[in-house]
Structures are given as structure tokens and as C-alpha cells.
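Engineer: I would like the atomic coordinates for the input below:
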Amino acid sequence: MTAEHSEPTSVAHRSTRLGAQGEPLMRIRDLHVEYATRRGPLSAVDNLSLDIYRGEILGLVGESGCGKSTLGKALMRMIQPPGQITRGQLIFDGVDLMTLPETEMRKVRGARISMIFQDPMTSLNPVQRIDEHIIEAIRVHQPEISRREARRRAVELIERLGIGAKRLEDYPHQLSGGMRQRVMIGLALALKADIIIADEATTSLDVIVEAKFLDLLRELRDELNLTIILITHNIGIVAELADRVVVMYAGRVAEVADVDTLFHYPKHPYTQGLLKSVPNIDLDGDELYRMPGSPPNLIDPPGGCRFHPRCPQAKPICAQREPALAAVSPAEGEPTPHSEHLVHCWLYQEHE
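Structural biologist: Next comes the predicted model:
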């Protein structure tokens, strides 16, 4: 799939969903995550604010090191030393997760917000059968449920995910990569999680298994009204699956828009460069676009807009002051976006 010339599937269906977003399921406000290094603190996520809605698939994209995975872990308060969340709010279903003691946070983590990692073998116990994984997950969070009932739910789940019940007796190494990812989804669904964070969950899968995995995510979202945060480098996956897209650069949000608007009418110069860098069958022998420069050092980032050293449209103000993440209106001839279009760029804001 190409980023610029292909039409994301089911855009009309996704537009209808976006038109009825309602109140956000999670509000992220002024989130700041730092890692202590010998050279000083590294700001992996810097003053980030974002709304996440129930039932949407939110694509999170950007170059390596832009803070995508750190943000995903921060939503579950899983940042480990030398990293820490230094400030901000994570308001989930009306409760600021940052105010909860760790004992209460454990009840939310896994049960209401769950994560699928790139390699499930790092999350699954190699000496524990698949049924034991699911039974344990259920009974830790719902101890009143009997072991027999927990196993019955495990059988229902595993069959719903397209894996035969007999495979519950297997160990993780006996399953294929696609099956292991389905088990990870099963662990989230066993506890009826509201948000599933998929962090590069398709990277280790071949294209056929990847397509089936993405179809499953879409079906589960539609059936159970799940919220899925899709962290990936693969722009094609985002075009195919996401309702909205968040583009991150150097720990900050560069642009937020519905998938149709972002792919056809990108505003931020970084987003435009990112999409132009995607291999395209319509290049006709032309050299693939390569964005100049590289991401900044987040220990000592540039002042103003962090993208200005690489930006082909940079102005003097860009190096002096940071722009706001602000809503933009469609240009003449562009359709009305399906959701609020936010851009972090001086090209669309007044300044002296």
C-alpha cells in the first residue's frame, strides 16, 4: 500500500464513527517523561496533551526515538528507572491515574488498559501453558471466579480468536508468531480491557499473518467497542486500520487528524516529508524522497520548534518560539475533516 495515492478502506464507516466521538475515554494533559543519563535528563515525551476516544483505532507514528513507545508505556504507568513521569495528568474514565497508589494502579493495568508487545515471547512465561496464562490473569484481577469458570472463559476466548481449544495445553514456543499475538489479545479480552495498546505488534509477522491479525483487531473493535492505540512505523497499516492518526516528532505531537485528512491533506512539513518518504509504485523510476537531517538530541534539543533545523519551510520565528498545537481550518477546495485537525506549526498561526 502506498501512503499518498491509496484510499484507506472503509473511510465512510470510520468517518461516521469519528463524527460521534462524545467524551474522551482518556485525557492526557501536559505529560512529561524523562530519562536520567550521564549527560543530563532526556525528555522522551515533552508536554504532550491528547484526547483518546472510546471505540477508535488511533495510529501513533513517527521516526524511531520520537517517543511513541514511551508514551504507550506511560499510559499504563510502566516507565521504569532511570525513566520517570515527572509531571502531567492521565485522566482515564474520569480518574487521574497519576494520583493512584501502585496497588490501585495494578487493578487498572492489564484489566482496563492492556499492551501487546512486539515480541510476545518476552511477555509469555515459557514454562507456563497457554491456559495457565489466561486463568492466572483472570483470577489475579477477579479472585472470586473459580478456576473452572476461568478455564471455561479461556476456552471461549481462544476459540473466538481462531485458535483451537486443544492449543490451550501448549506452551508458548509451540505456537506460531501469529498465534502468540492472538494469545496476547486474549489476555486483554479476558479482563475486558477498555484500551489495548499494540506496540509494533506486527513487526515480527509475515504479511499474510499480519493481514489476518489486523482484520482480527478491526473485528474486535467493531464487536466490543474497544479502543486500540496502534504504535507502528508502518504507514500502510495506519492507512488501512486507523480512524485517527497522531504524528510525533522529538517527544511532541506534530499533527493530529483523521486518517483520510492526514493522508490526503497533511499540513505539518514533517508529516508531508514522512509521507513522501514511503516507497510508492507510482515513482516511475524517480529517487525516493529522503528527509534531510536527523532527529535532534533530546538531551539538548533545539529551541523553538524542534523540527526547524530540518524544515524546508522554516521561518525565523520557528527557531525562537515554540508554536502551539492548534486547530486548523481546511484550505479552499479541501473537504471538511471528520475530526479536529491539530497542527504544531507556525505556518498556520499568527505571530509578530
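Engineer: mind listing the helices for the chain?
Structural biologist: Ranges of helices in the chain, per DSSP state H, are 11-19, 68-75, 102-108, 130-141, 147-160, 177-190, 207-224, 235-241, 259-264, 269-276, 316-320.
Engineer: Between helix 147-160 and the fourth one, find me the angle.
Structural biologist: In other words, helix 130-141. With axes from the mean of the first three to the mean of the last three CA atoms, to 10 degrees defining the directions, helix 130-141 sits at 120 degrees from helix 147-160.
Engineer: Only C-alpha atoms, please: export helix 130-141 in CSV.
Structural biologist: Presented in CSV, the C-alpha positions along helix 130-141 are these (Å, rounded to 0.1, in the frame of the first residue of the first chain):
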residue,chain,number,x,y,z
ILE,A,130,-1.4,-21.0,27.5
ASP,A,131,-4.4,-21.9,29.6
GLU,A,132,-2.5,-21.1,32.8
HIS,A,133,-1.6,-17.6,31.4
ILE,A,134,-5.2,-16.8,30.8
ILE,A,135,-6.5,-18.4,34.0
GLU,A,136,-3.9,-16.6,36.1
ALA,A,137,-4.7,-13.2,34.5
ILE,A,138,-8.4,-13.7,35.3
ARG,A,139,-8.1,-14.9,38.9
VAL,A,140,-5.5,-12.3,39.9
HIS,A,141,-7.9,-9.5,39.0
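Engineer: Could you verify my assumption that N234 touches T202?
Structural biologist: Yes - contact status for N234 versus T202: in contact at 7.0 Å, counting by CB atoms under 8 Å. All C-beta atoms are positioned from the backbone trio N, CA, C, and that covers glycine.
Engineer: what about these two, which has more around it?
Structural biologist: Per other CB atoms under 10 Å, whichever of N234 and T202 has more neighbours is T202, with 24 against 18.
Engineer: Kindly provide the distance from the closest residue in space to that one that isn't next to it in sequence to T232.
Structural biologist: Spatial nearest neighbour of T202, chain neighbours left out: E210 (4.5 Å); criterion: CB to CB, 6 or more residues apart in numbering. Per CB to CB, to the nearest Å, E210 is found 11 Å from T232.
Engineer: next one: V256
Structural biologist: 16 Å.
Engineer: ditto for E169
Structural biologist: Counting by CB to CB, the gap from E169 to T232 is 33 Å.
Engineer: what does N47 give?
Structural biologist: From N47 to T232 the distance is 24 Å (CB to CB).
Engineer: of these two, who's got more company?
Structural biologist: Higher neighbour count among N47 and T232: T232, with 22 against 16, using other CB under 10 Å.
Engineer: Correct me if wrong: the more buried one contacts I57.
Structural biologist: No - applying CB under 8 Å, one finds T232 not in contact with I57, separated by 11.3 Å.
Engineer: Low-confidence ranges, this structure, go.
Structural biologist: Within the chain, the segments meeting pLDDT under 70 span 1-21, 281-286, 352.
Engineer: what do you get if the cut-off is 80, keeping everything else the same?
Structural biologist: Where the chain drops to pLDDT under 80, the residues are 1-22, 117-122, 203-205, 209, 279-289, 351-352.
Engineer: can you put the helices of the chain in TSV and add mean neighbour count?
Structural biologist: Formatted as TSV, the helices of the chain follow (neighbours: other CB atoms under 10 Å):
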stretch	mean neighbour count
helix 11-19	16
helix 68-75	22
helix 102-108	13
helix 130-141	19
helix 147-160	16
helix 177-190	23
helix 207-224	15
helix 235-241	22
helix 259-264	23
helix 269-276	20
helix 316-320	16
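Engineer: closest to G251 out of these?
Structural biologist: helix 68-75 (8.0 Å; CB to CB).
Engineer: Dump the closest one to PDB, restricted to CA.
Structural biologist: Provided in PDB are the C-alpha atoms of helix 68-75 (Å, rounded to 0.1, in the frame of the first residue of the first chain):
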ATOM      1  CA  LYS A  68       5.900   6.600  20.700                       C
ATOM      2  CA  SER A  69       6.700   3.500  22.800                       C
ATOM      3  CA  THR A  70       7.500   5.700  25.800                       C
ATOM      4  CA  LEU A  71       4.000   7.300  25.500                       C
ATOM      5  CA  GLY A  72       2.400   3.900  25.300                       C
ATOM      6  CA  LYS A  73       4.100   2.700  28.500                       C
ATOM      7  CA  ALA A  74       3.400   6.000  30.200                       C
ATOM      8  CA  LEU A  75      -0.300   5.400  29.700                       C
END
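Engineer: So which elements touch it?
Structural biologist: strand 24-37, strand 40-53, strand 57-61, strand 83-92, strand 113-116, strand 195-199, strand 227-231 (3 or more CB pairs under 8 Å, 6 or more residues apart in numbering; DSSP states H and E).
Engineer: what angle sits between it and strand 24-37?
Structural biologist: Between helix 68-75 and strand 24-37, the angle comes out at 110 degrees (the same axes, to 10 degrees).
Engineer: before we move on, back to that, of the helices of the chain, which approaches M248 most closely?
Structural biologist: helix 68-75 (5.8 Å).
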